[in-house]
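Engineer: how does the following fold in three dimensions:
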Amino acid sequence: MILVSSCLAGMKVRYNGTDCLDDTIQSLLAGNQAVAVCPELLGGFVTPREPAEIVGGDGDDVLAGRARVVDKSGTDVTEMYIRGAHITLEKARGVGAKVVVLKENSPSCGSAMIYNGTFSGEKIAGHGVTAALLRQHGIEVASETQLQELPALLRGPKQRIIE
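Structural biologist: From the prediction side, this is the model:
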């Protein structure tokens, strides 16, 4: 079972109303082999919305209460990110996902890199809130850049799209 970020599936759910369509993800969905979710929308956000970044750490730090997620205007949106992460975890469990492919650099979905919390465009090593929570619960998290390295992702059972 594979769960994938909705933006990678071509859904215009990113903060600025765009997508990051990935051809491999699109093929998985077209073949009913993947389930698409957006942790940010599940957490209560709308599209479009202000960009947000983690300040003071990464997703593990947010979950432990040591860091916050704030939008560009300075509004603390941490609770919505945590809520979306928990709902995504339940969706992953519900469909039996062993692997989740999330959009790199996102404060929710980043699996190896996130923005540094200054809204300067600089990235740092770290992972988003959803990626951290899924890993804490034993679910493998990958980014769209790792699809070719993980052929097992492409052999998942048939799935449906969750909106």
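Engineer: report the helix or strand with the lowest average pLDDT across the protein.
Structural biologist: helix 23-30 (a mean of 90; mean pLDDT, DSSP states H and E).
Engineer: M80: neighbouring residues, count only.
Structural biologist: The number of residues packed near M80 is 22, by other C-beta atoms under 10 Å. Backbone N, C-alpha and C define where each C-beta goes, glycine included.
Engineer: what helices and strands are in contact with the helix or strand hosting it?
Structural biologist: Element membership of M80 [criterion: DSSP states H and E] is helix 78-94. Contacts defined by 3 or more C-beta pairs under 8 Å, 6 or more residues apart in numbering; DSSP states H and E place helix 78-94 against strand 2-5, strand 35-37, helix 39-42, helix 59-63, strand 68-71, helix 129-136.
Engineer: so which of those is nearest Y115?
Structural biologist: Each of these has some distance to Y115 by C-beta to C-beta; the shortest is strand 68-71, at 10.9 Å.
Engineer: just the CA trace of the closest one, in CSV.
Structural biologist: Extracted C-alpha coordinates of strand 68-71, given in CSV (Å, rounded to 0.1, in the frame of the first residue of the first chain):
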residue,chain,number,x,y,z
ARG,A,68,6.4,25.8,16.3
VAL,A,69,5.0,26.1,12.8
VAL,A,70,4.2,29.8,11.9
ASP,A,71,2.9,31.3,8.7
